[in-house]
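*Asks:* Need coordinates for the below:
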Amino acid sequence: MENVKAAMENAGSAGKAEAINYQSVKQKFQSYLKHPGSFIVMLLVMLGAIITFAVLLFLIAYILINGVPHIKPSLFAFEYTSENASLMPALINTIIMTLLSLLIAVPFGIFSAIFLVEYAGKGNKFVEVIRLTTETLSGIPSIVYGLFGMLFFVNTLGWGFSLLAGAFTLAIMILPLIMRTTEEALKAVPDSFREGSFGLGAGKLRTVFKIVLPSAIPGILAGIILAVGRIVGETAALIYTAGTVAQVPTNVFGSGRTLAVHMYNLSSEGLYMDQAYATAVILLILVVGINTISSVIAKKTDKSVERKE
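*Replies:* Predicted structure coming up:
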């Protein structure tokens, strides 16, 4: 009987705890009246969230309303003319530019972050200098990168206005972003993973590439997604390095415009505003598609890592 009473008392206390933790709207409002500071903070947070969502929704709706009616088959012609203002060459150049930039920046960014986190000692002044340099590079305007790319890649190296010059310039731009996100992703991996691997006899290199790096892939992919967004939306740096020719070059040393540069040229001329809005729709779809694919890959990779663990 005593056990039954104790169980009933525990159940009652648990029910009271649940009742205490649960608050109705009226109770929440009364608590906010007692603490007006919390009420003001709550209102500011809700207002900020609503404004952010409303601005994003307005931008997407504005682009779609003005751009979707002007999407025509002539916009997807392989050759650009003054009559069709085709975006297909710019779309192909955007994909090529994105792949080239990631091919250059991703290996350097990931391996640099591995060195900083796994191999460099804590409190190393050289590491602090590298981190300060990457943070400084993150704050430099894109027009400065464009001028550097024009002076070094275009003029000094003699590459001219080309996709390769634009890709190297963009790679330098996104390198700090990939390094920092990869570094934070590697730091987020628990030290117990490394200790367990070392305890089982694995070496440093095997531990990094078999244990630590797979666990950090979701965070690394998040940085790559952000880098892709910057590549696709970049204009100033590419005008000075890749040029504005509306055609698909035969090789990486040929000049070509991306979708963002194409949209800028159309809108600046003032003669193809309808085509510019249509290009904005395609650019929006491209960015959303790339982000969706990257998110799916990150989720599948995360699940596979959890299964291995």
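*Asks:* Kindly tell me how buried Leu33 is, as a neighbour count.
*Replies:* 9 (other C-beta atoms under 10 Å). Every residue, glycine included, has its C-beta placed from N, CA and C.
*Asks:* Now do the contacts for it.
*Replies:* With contacts defined as C-beta atoms under 8 Å, 6 or more residues apart in numbering, Leu33 is in contact with Phe39.
*Asks:* Where does it sit, in terms of helix or strand?
*Replies:* Assessed by DSSP states H and E, Leu33 sits inside helix 25-34.
*Asks:* Name the next helix or strand downstream of that helix, please.
*Replies:* Scanning onward from helix 25-34 (DSSP H and E), the first element met is helix 36-67.
*Asks:* Output the contacting helices and strands for that next one.
*Replies:* If you count contacts as 3 or more C-beta pairs under 8 Å, 6 or more residues apart in numbering; DSSP states H and E, helix 36-67 packs onto helix 25-34, helix 273-308.
*Asks:* Ser101 is nearest to which of the ones you listed?
*Replies:* In terms of C-beta to C-beta, the element of the helices and strands packed on helix 36-67 nearest to Ser101 is helix 273-308, at 13.0 Å.
*Asks:* what angle sits between the closest one and helix 36-67?
*Replies:* Interaxial angle, helix 273-308 versus helix 36-67 (axes from the mean of the first three to the mean of the last three C-alpha atoms, to 10 degrees): 120 degrees.
*Asks:* Report the mean per-residue pLDDT for helix 273-308.
*Replies:* If you average the pLDDT over helix 273-308, you get 78.
*Asks:* mind checking how far stretch 194-201 is from the chain centre?
*Replies:* 33 Å (C-alpha atoms, centre = their mean, to the nearest Å).
*Asks:* ditto for stretch 161-168
*Replies:* Centre-to-centre, stretch 161-168 and its host chain are 21 Å apart (C-alpha atoms, centre = their mean).
*Asks:* Give me the contact list for it.
*Replies:* Stretch 161-168 is contacted from outside by 93, 96-97, 100-101, 104, 149-150, 153-154, 157, 159, 237-238, 241-243, 245, 249, 252-256, using C-beta under 8 Å, 6+ apart.
*Asks:* Filter those residues down to just the buried residues.
*Replies:* With burial judged by 16 or more other C-beta atoms under 10 Å, the buried subset of the contacts of stretch 161-168 is 93, 96-97, 100-101, 104, 149-150, 153-154, 159, 237-238, 241-243, 245, 249, 252, 254-256.
*Asks:* Which of those residues fall in helices?
*Replies:* Of the buried ones among the contacts of stretch 161-168, the ones assigned to helices by DSSP state H are 93, 96-97, 100-101, 104, 149, 237-238, 241.
*Asks:* Dump those residues to TSV, plus distance to Thr169 and pLDDT.
*Replies:* Shown next, in TSV, are those (distance: C-beta to C-beta, whole Å; pLDDT from 0 to 100):
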residue	distance to Thr169	pLDDT
Asn93	14	92
Ile96	14	92
Met97	10	93
Leu100	11	94
Ser101	9	94
Ile104	10	94
Gly149	3	93
Ala237	5	91
Leu238	8	92
Thr241	5	93
